[in-house]
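**Q** pasting a predicted model and its sequence here:
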Amino acid sequence: MLGSQMQRRKPRILCLHGIRTSGEILKKMMGKWPDAVLEKFDFDFPDAPFPAKGKSDVEDLYDPPYYEWYQVNEVNYFNFEECIAYIEDYMIKHGPFDGLLGFSQGGMLASVLPSMQREGVAFTKVPKIKFVIIISGFVLRELKSGPPKLLVKAYAAPIECPSLHLIGDKDFLKERGLKLLKSFVKPFVIHHSRGHTVPKLDEKGLETMLKFIEKIQEMFSQDLQIALGPKAAL
């Protein structure tokens, strides 16, 4: 019984939207992906904790409300620790989650969560994140105040968490996205011709996505074998 339940369960993904958008908007943006991808996972789309404090770039495309995870200016980051506490609390209440997906500001957060778990500075009360999907993600800007305390060691060691990165040729954050890519061990990468957005998947992009999903499914199969122990061979 346990085995059949685990085999049927889809990997659960916590999806972190971009700045001044919402969980519902990210869900709609991802709706352009084929069922061959979307049906493989169980997605959860929370809203960030803070109402948007500025104009949203998607006002002409999607209705409000709009939210943001944290704030930043040329000197400091604000509400970053509160943001992390909010996400961890959400994961405790609504999890467990197997992986993360993030777009833009949410992509940056998704990229550093495995590091924070590794360093033991956050997300110690939730299961280890097994994989991340990062869309238009980026490394943090280097500010005069330095990085948030929780991220001092975020890039100190290679990030071994399996990752898939979607990077747009016309994305204004492309260079910071490529720099982030170097922090991960053996990342999967989808390059697309669009800008700072969730792109449709062309034939090559879909092929890469499905290979990444196959890798995740293999991981889950191995976890199932470990959980069942000797019974798995019967």
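**A** Cool, the structure landed.

**Q** what about the residue nearest the centre of the chain, distance to Arg12?
**A** Note on the chain: the residue nearest the mean C-alpha position is Leu101, at 2.7 Å, using CA atoms, centre = their mean. Distance, Leu101 to Arg12, using CB to CB, to the nearest Å: 11 Å. Every residue, glycine included, has its C-beta placed from N, CA and C.

**Q** helices and strands around the longest helix seen in the chain, which ones?
**A** Within the chain, and with DSSP state H defining each element, the longest helix by residue count is helix 203-228. On a contact count with 3 or more CB pairs under 8 Å, 6 or more residues apart in numbering; DSSP states H and E, helix 203-228 meets helix 2-8, helix 35-38, strand 131-135, strand 163-168, strand 188-192.

**Q** any idea of the mean pLDDT in the first one?
**A** What that stands for is helix 2-8. Averaged over helix 2-8, pLDDT sits at 48.

**Q** check the last one too.
**A** Per-region confidence: strand 188-192 scores 98 on mean pLDDT.

**Q** what's the overlap in contacts for Leu101 and Arg12?
**A** Shared contacts of Leu101 and Arg12, defined by CB atoms under 8 Å, 6 or more residues apart in numbering, are found at Phe43.

**Q** ok, now how distant is the residue lying closest to Cys161 once chain neighbours are set aside from Arg9?
**A** Residue nearest to Cys161 in three dimensions, not counting chain neighbours: Pro114, with 3.9 Å by CB to CB, 6 or more residues apart in numbering. Here Pro114 is placed at a distance of 21 Å from Arg9 (CB to CB).

**Q** neighbour count winner among the two?
**A** Counted by other CB atoms under 10 Å, Pro114 and Arg9 do not tie: Pro114 has more neighbours, with 23 against 12.

**Q** residue contacts, Phe97?
**A** For Phe97, counting by CB under 8 Å, 6+ apart, the contacting residues are Arg12, Ile13, Leu14, Asp44, Met91, Val126, Pro127, Ile129.

**Q** and the pLDDT at the closest residue to the fourth one other than its chain neighbours?
**A** By that I understand Asp44. Sequence neighbours aside, Leu14 is the residue nearest to Asp44 in space, at 5.4 Å (criterion: CB to CB, 6+ apart). Per-residue pLDDT puts Leu14 at 98.

**Q** now do Val72 against Gln105, distance only.
**A** With distances taken as CB to CB, Val72 is found 9 Å from Gln105.
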